[in-house]
Structure formats: structure tokens, C-alpha cells
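>>> Below are the sequence and a predicted model for it; my questions follow.
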Amino acid sequence: MKKSSLSTLGMLITLGIVYGDIGTSPLYVMNAIVNDAGTMSAAKPEYILGSVSLIFWTLMLITTIKYVLIAMKADNNNEGGIFALYALVRSKGKWLIIPALIGGSALLADGTLTPAVTVTSAIEGIKGQQFGNLIFSNKQSVVLIIVTVILLSIFIIQKFGTEKIGKSFGPIMLIWFSFIGLAGLFNLTNNFEVLKALSPVYAIRVLFSPVNKVGIFILGSVFLATTGAEALYSDMGQVGKHNIYATWPFVYLMLMLNYLGQAAWVINNYQNSHFN
């Protein structure tokens, strides 16, 4: 399969390679937003609608416009990433190596921190949960051990090559995105008013609203929704830009259905004393 070719297999591999980080962001973004509010009861409908609106427009501006529509056009022989970009512009000045190194360092840091945050958030979500006769431990030490084993296993199998990993994880990610999208749609049917969040008015309004206790710093939690967005550009050489173009609309739709569904659930339950 040529890197630049569009194919069903290529799209499946793309799902398995490119969208792992951004696809698991829904595990912790809404939790971070509610924590910014202080308590569940403080997560007023106005605050949640504004937060989801910020997520929608952040993904639109940073991921769709910045990476998909602009950055991916700046490829170097179909290769992407900070150093491929540097190779294109280095003739303009030797000093450009400095921002290239900074960008490479930031990418390395993101690649180190994001898997840890994602997997830890997922495992912490089942602390104290009962599965049949088995009750999962509440101890954080148990969570850390499991997270370490999972991450080591994933990094070890990377030596088998990108395509094999993509073929293995592609179906899993397809199921994952379909699941979170359908789960979000299920909750969305209980409160279609959250669709108002697609208007940028709510995003702007919440930044200055008194229900937003952290002010503009809420963007710190919102930006978590874009975690891994840079992979659309940096992994372009491995999967081909056309496969990214073809899969991103599906991924974006599933992500937003989930975020909107989470918003609908929070709005319907923020006054429930069980969660406060």
C-alpha cells in the first residue's frame, strides 16, 4: 500500500495509529472541567454549555483548520512532523533550528505524558467497581502497577512496526469511536438543548461568566480535548494524508457526540445529591 493512497485498509490503520490520544481525551476532559467548577452542583447548565462550545470550536480551529486544512499541506515529500517542516524552511535561516528543537522537545514531552494520563484516567475510572464477584481495588498503588504494565506492553510491541500495530489497533479504535459516539448520542437524546453549544456565542460568553470560577484558565482543561492532535501532521508520512482527510470527519463527529452527551448527562444530574 502506498503511503499516499486512500484505501479502506489505510483508513483502518490510520484509526489505529493517529487517533489514540485524541480519541481517549473524553475520558478526562469533562472531569477536568467539572473540577474547575469546584463541585458537581456548581457545574451549572450555562457553564457546561459554554465549556462544550469551547471544546467544539477548539477542535474546529486547532485540529480541523490548523492541522488538517493548513499544516498538512506543508508536507516534505509526504512526510510530516516538526523536523520535516524544519527541512522545508531551514534555508530561510540557521536560527530556525531553535524553534525546531523546542517543538521536538514539546512533542517528546507530549508523547511521554499523554499515554500516562490517558491510561491512568481509564484505570482510575474502575476503582472500587464491582465486576461479578470481583471488586476492583481502591488503592492507587494497584492502579499505578496496572498502568505501568499496560504502558510497557504497548511500547514493547511497537518494535513490530507501524503497519502491524495499525492493523491490530485499527479495529479496536473503530469500535471505540463507534461506542463513545453512540453512548454520547444516547445521553444527547435526553437533552437536545445542548446542541446550542455549537454556537460560538456560548464559548465566548462562558469565558466572562460568573459561573466560570477560573475565568480564561478554563482553556487549560478545554485544550486537553486536543491532546494528540499534532499526530495528524506528524504521522502523515506513515499513513498518508488522504487517509487522514477521510477519517478525521468520522472521528470529529464521534468525539463531539460524546462530549455533547456528557454535557447533557451533567446538566441533567448536576443537582443530584448522589454526585455532590
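Everything's here; your move.
>>> wait, L12 sits on G170?
Yes: contact status for L12 versus G170: in contact at 3.7 Å, counting by Cβ atoms under 8 Å. (Each C-beta comes from the backbone N, C-alpha and C, glycine too.)
>>> how close does F186 get to L260?
11 Å (Cβ to Cβ, to the nearest Å).
>>> same question but for V201, I mixed them up
Between V201 and L260 the computed distance is 16 Å (Cβ to Cβ).
>>> so what's G103 up against?
Residues counted as contacts of G103 (Cβ atoms under 8 Å, 6 or more residues apart in numbering) are I82.
>>> So it: helix, strand or coil?
Following DSSP: H, G, I helix; E, B strand; the rest coil, the label given to G103 is helix.
>>> shaky segments in this structure?
Within the chain, the stretches with pLDDT under 70 are 1-4, 161-166, 273-276.
>>> before we move on, the earlier item: please say which of F186 and L260 ends up with more neighbours.
Set F186 next to L260 and count neighbours by other Cβ atoms under 10 Å: L260 wins out with 24 against 13.
>>> Please identify the buried residues of the helix or strand that one falls within?
Element membership for L260 (DSSP states H and E) is helix 241-269. Residues 241-248, 250-252, 254-267 are the ones in helix 241-269 that count as buried (16 or more other Cβ atoms under 10 Å).
>>> And F131, its phi and psi?
phi -120, psi 100 (degrees, to the nearest 10).
>>> Revised request: answer the last question for K139.
Main-chain dihedrals, K139, degrees, to the nearest 10: phi -80, psi 130.
>>> any idea how far it is from F223?
Separation of K139 from F223 (Cβ to Cβ) stands at 31 Å.
>>> So which of these two has more stuff around it?
Neighbour tally, K139 and F223, criterion other Cβ under 10 Å: the higher count belongs to F223, 17 against 11.
>>> which residue packs closest to the more buried one, ignoring adjacent ones?
T58 (6.6 Å; Cβ to Cβ, 6 or more residues apart in numbering).
>>> which SSE is that neighbour in?
For T58, the element it lies in under DSSP H and E is helix 45-58.
>>> Same check on T112?
helix 97-124.
>>> From start to finish, how long is stretch 191-204 in a straight line?
Chord length of stretch 191-204, first to last residue, is 22 Å (Cα to Cα, to the nearest Å).
>>> what comes up buried for that stretch?
Within stretch 191-204, the residues that qualify as buried by neighbour count (16+ other Cβ under 10 Å) are N191, V194, A197, L198, Y202, A203.
>>> Find the residue closest to the fourth one in space, skipping its chain neighbours.
Sequence neighbours aside, F56 is the residue nearest to L198 in space, at 5.9 Å (criterion: Cβ to Cβ, 6+ apart).
>>> Quick one: neighbours of the one you found, just the number.
With other Cβ under 10 Å as criterion, F56 counts 23.
>>> which residues in the chain form helices?
Remark: helices assigned in the chain by DSSP state H are 8-18, 20-23, 29-37, 45-58, 82-89, 97-124, 140-157, 162-188, 200-207, 218-222, 231-234, 236-239, 241-269.
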